[in-house]
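J.: structure here, sequence nowhere to be found:
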């Protein structure tokens, strides 16, 4: 390894560990890749580290959600996460155009979950908007529907289909299992038998069948999980304002890092542990002069336990209904899936151990890219 490249390689690895870097960095590279660039975009630091030239024939998977747009190449060497909240004055069309210009993928495979954003009057409008944005940016885009079929058509079955891509890929390797993806906002709990997903085809149906828990490790309002909190032996009712989110609780518990806190904060302030404590204090209408570290840790633990209870209850429902007790988990909340499985006595396999943490956090994007590549 040359001295110059060795120094740059070391610097990139440090950036990868300390910033919101959306790309998997190989530590064993002895020469610089053909195309390497670091850029700042929309206030988010991105390290772009492709192992081949941008013009190489790759399939790019895109998972377009209401809050996040996630990317992964079919070889898993490129991974990105863009915070693009659709309910605001969305920059999705521009973000996709920038991605297309920068990466130049030969083919794109897309899954959609952002159609439910409340900026759209109905799901069809949301699907149409997202499909148009994708097609305007990419010349050859395919969309996976909730039946596991690729299409170029706009149709309602494109709604909330990202779990299908993941479950199809997981089913090939694990056959009988419960696929669990705990993300920033929701938790998918998908029964798989003989390699085939057996979940409801809409979010509405999956909520009824405990296959969707609308709770995640970043964006969920603490007030949606707790009615009361026990502090100092007394039960406190809590405010129903959006003062703190689950990301704040997991920051205080040391289970999330700043780079993993990829969403906005409720108060628009920072993402340090002190900032998270200040927001949690407001949940009981207090500030840091009234509640101390011990009480805030207790509150955070109760947030986690409440979320765990919801997820474990749903896991038990699905396990009982399908006779499966092995979990295959991914997502930024993989640590919660591991704890739930341990408490229930279920076997668990973590996709981060197979594919790496970066791919695990954007697994639907990676899965849909793999599926499309195999179709040719």
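T.: Ah, there it is. Note that the structure is a prediction, hence the values are computed from the model and not measured. Residues are numbered from 1 along each chain as shown.
J.: contacting residues for residue 123?
T.: In this structure, residue 123 makes contact with 115-116, 156, 159, judged by C-beta atoms under 8 Å, 6 or more residues apart in numbering. Heads up, the C-betas are built off the backbone N, CA and C, glycines and all.
J.: swap in 10 Å and give it another go.
T.: Neighbouring residues of residue 123 by C-beta atoms under 10 Å, 6 or more residues apart in numbering: 112, 115-117, 156, 158-160, 202-203.
J.: with residue 197 instead?
T.: Residue 197 is in contact with 146, 148, 163-168, 170-171, 179, 190-191, 211, counting by C-beta under 10 Å, 6+ apart.
J.: only the buried residues of stretch 236-253, if you could.
T.: Using 16 or more other C-beta atoms under 10 Å as the test for burial, stretch 236-253 gives 236, 238, 243-253.
J.: and the end-to-end length of that stretch?
T.: End-to-end distance of stretch 236-253 (C-alpha to C-alpha, to the nearest Å): 20 Å.
J.: hey, where'd the helices end up in the stretch 151-300 of the chain?
T.: For the stretch 151-300 of the chain, the helices defined by DSSP state H, counting those that start in this stretch cover 162-174, 203-208, 246-252, 273-283, 293-322.
J.: so which of those has the densest surroundings on average?
T.: helix 246-252 (a mean of 27; mean count of other C-beta atoms under 10 Å).
J.: now do that helix: distance to the chain's middle.
T.: 16 Å (C-alpha atoms, centre = their mean, to the nearest Å).
J.: now name the helix or strand holding residue 109.
T.: Applying DSSP states H and E as the criterion places residue 109 in strand 107-112.
J.: direction included, what does that strand pair against?
T.: strand 59-64 (parallel), strand 141-144 (parallel) (DSSP bridges).
J.: out of these, the one nearest residue 343 is which?
T.: strand 59-64 (29.0 Å; C-beta to C-beta).
J.: picking up where we left off before, mean confidence (pLDDT) on the strand holding residue 109, please.
T.: For strand 107-112, the per-residue pLDDT values average out at 98.
J.: angle of it against helix 162-174?
T.: Using axes from the mean of the first three to the mean of the last three C-alpha atoms, to 10 degrees, the direction of strand 107-112 lies 110 degrees away from that of helix 162-174.
J.: still on that earlier bit, filter the contacts of residue 123 down to the buried ones, PyMOL style.
T.: Restricted to buried positions by 16+ other C-beta under 10 Å, the PyMOL selection for the contacts of residue 123 reads:
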select buried, resi 112+115+116+117+158+159+160+202+203
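J.: sorry, back to before: so which of the strands paired with strand 107-112 is nearest residue 348?
T.: Among the strands paired with strand 107-112, strand 59-64 comes nearest to residue 348, with 22.9 Å by C-beta to C-beta.
J.: could I get the helices of the stretch 151-300 of the chain as JSON lines with mean pLDDT?
T.: Listed next are these as JSON lines, based on pLDDT from 0 to 100:
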{"stretch": "helix 162-174", "mean pLDDT": "97"}
{"stretch": "helix 203-208", "mean pLDDT": "98"}
{"stretch": "helix 246-252", "mean pLDDT": "98"}
{"stretch": "helix 273-283", "mean pLDDT": "98"}
{"stretch": "helix 293-322", "mean pLDDT": "98"}
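J.: returning to what we had before: after the strand holding residue 109, which helix or strand is next?
T.: Later in the chain than strand 107-112, the nearest helix or strand by DSSP H and E is helix 123-137.
J.: go through that following helix and flag the buried ones.
T.: Here helix 123-137 shows 123, 126-127, 129-131, 133-135, 137 as buried, counting by 16+ other C-beta under 10 Å.
J.: what is the orientation angle of it with strand 107-112?
T.: 160 degrees.
J.: wait, residue 255 sits on residue 338?
T.: No. Contact between residue 255 and residue 338 fails when scored by C-beta atoms under 10 Å: they sit 11.0 Å apart.
J.: and for these two, which residues touch both?
T.: Common neighbours of residue 255 and residue 338 (C-beta under 10 Å, 6+ apart) do not exist.
J.: which one of the buried residues of helix 123-137 is nearest residue 326?
T.: residue 123 (32.8 Å).
J.: distance-wise, check that closest one relative to residue 352.
T.: Distance of residue 123 to residue 352, given as C-beta to C-beta, to the nearest Å: 32 Å.
J.: redo the helices of the stretch 151-300 of the chain as CSV? Include distance to residue 359.
T.: Output for those, formatted as CSV (distance: least, C-beta to C-beta, whole Å):
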stretch, distance to residue 359
helix 162-174, 11
helix 203-208, 24
helix 246-252, 21
helix 273-283, 27
helix 293-322, 22
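J.: how many other residues sit next to the nearest residue to residue 175 once chain neighbours are set aside?
T.: Counting by C-beta to C-beta, 6 or more residues apart in numbering, residue 175 lies nearest to residue 195, which is 4.9 Å off, once chain neighbours are set aside. Close neighbours of residue 195, defined as other C-beta atoms under 10 Å, add up to 15.
J.: how near is residue 329 to residue 363?
T.: 10 Å.
J.: what do these two both touch?
T.: What both residue 329 and residue 363 touch, as defined by C-beta under 10 Å, 6+ apart, is the set 170, 179, 181, 351-352.
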